[in-house]
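> Could you look at this predicted model? Sequence included:
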Amino acid sequence: MTKFTFEPLAVPDLIVIKPTVHGDARGFFLETYRADEFAAAGITNTFVQDNHSHSTQGVLRGLHFQKTHPQAKLIRCMTGCIFDVGVDLRPDSQTYGRWAGVELSSENHWSLFIPKGFAHGFLVLSPEVDVEYQCDEYYHPEDEGGLLWNDPTVGIAWPIPVGSAPVLSGKDQQWPTLAEWEKR
């Protein structure tokens, strides 16, 4: 019996993974990963690092990537809700510069697979969140790159309430636009 549904987003290499949830009066059980079913869906990455991020409402993290050691990521929201986004930075891709996003939450139990060559970011929609993600490459601080979260050329439709501004790190406020990145 298949335990997952794999659904591509508007940028087809970004894949939402929907698990089969078994619930009853005690709570629920689900598998979050199975190498055989992921491989059958074309996700054959070997994950080598797990990360856990805790944030509060309005925090926007991203858009991050590694320049020469790109990471594929498998992202899940353990508590709360986020709007999770991937931006295609693969120069030869038909979807270069395009983005797609999806709401991940502790209620829907979905995951998002982001392949190598994408920038990644998320906006916290609930009062608090815990996000866990697996990476298929180790983090190299000297290799860190990023794109400006609100680059008008990329045009991410972040669900930020009118009259609000996201909470950003100093670094995330300073990343270049895609056009500036291409000139480097």
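Nice, I can see it.

> doesn't residue 83 make contact with residue 129?
No: the pair residue 129 and residue 83 fails to qualify as a contact (C-beta atoms under 8 Å) at a distance of 10.7 Å. C-beta: built from backbone N, CA, C; applies to glycine.

> Have a look at these two and say which one is more surrounded.
Taking neighbours as other C-beta atoms under 10 Å, residue 129 and residue 83 compare with residue 129 leading, 24 against 20.

> Name the SS class of that one, please.
strand (DSSP: H, G, I helix; E, B strand; the rest coil).

> show me where pLDDT drops low in the chain?
1 (pLDDT under 70).

> And the strands in it?
With DSSP state E as the criterion, the chain has strands at 4-8, 15-19, 22-24, 27-29, 49-56, 60-66, 73-79, 81-88, 99-105, 111-114, 118-124, 128-135, 144-146.

> farthest residue from the center of the protein?
Most distant residue from the mean C-alpha position of the chain: residue 25, 31.6 Å away (C-alpha atoms, centre = their mean).

> Enumerate every residue touching it.
By C-beta atoms under 8 Å, 6 or more residues apart in numbering, no residues touch residue 25.

> Cheers, nothing more for now.
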